[in-house]
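A.B. asks: Test case, fold it:
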Amino acid sequence: MTIRSRRETVTFRHPFYIRGVDRELPPGCYEIVTDEEAIEGLTFSAYRRIATSIMVPAEGAHHAMETVSIGSVDLANAQAIDACAGP
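C.D. replies: This is a model prediction of the structure:
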């Protein structure tokens, strides 16, 4: 079974909440890691998402980060809310 990880940076312009994190997160850039596994037996390459995580500031620690597992739909919802919040 082949697993690959994709990394991307998303930017939130407003404080936000996301399911999986029990506190409000400040605006800024966040690294998202998506793990995907290859779907075997196909005549073309295809992958399915198996995990999504976000790097967030650790609570109570200066400059420390922690990785939190989140749902991809929860991430999309948080981004949509941030986009609707205006400039």
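A.B. asks: contacts, neighbours, all on C-alpha from now
C.D. replies: Will do.
A.B. asks: all strands of the chain, in order?
C.D. replies: 3-12, 28-38, 47-57, 65-70 (DSSP state E).
A.B. asks: so which of these comes closest to Ala78?
C.D. replies: strand 3-12 (8.7 Å; Cα to Cα).
A.B. asks: Buried residues, that closest one. List them.
C.D. replies: Neighbour-count burial for strand 3-12, counted by 16 or more other Cα atoms under 10 Å, picks out Phe12.
A.B. asks: That strand: partners in the sheet, and parallel or antiparallel?
C.D. replies: Looking at strand 3-12 with DSSP bridges, its partner strands are strand 28-38 (antiparallel).
A.B. asks: and Tyr47, how far is that from Ala64?
C.D. replies: Separation of Tyr47 from Ala64 (Cα to Cα, to the nearest Å): 32 Å.
A.B. asks: I misspoke; the intended subject was Ala46.
C.D. replies: The value you get for Ala46 to Ala64, if Cα to Cα is used, is 35 Å.
A.B. asks: Verify the stated contact: Ile70 with Ile32.
C.D. replies: No: counting by Cα atoms under 8 Å, Ile70 does not reach Ile32; the two are 9.6 Å apart.
A.B. asks: anything in contact with each of those two?
C.D. replies: 52-54 (Cα atoms under 8 Å, 6 or more residues apart in numbering).
A.B. asks: how about CSV for these, with distance to Thr2 added?
C.D. replies: What follows is those, written out as CSV (distance: Cα to Cα, whole Å):
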residue, distance to Thr2
Thr52, 17
Ser53, 19
Ile54, 22
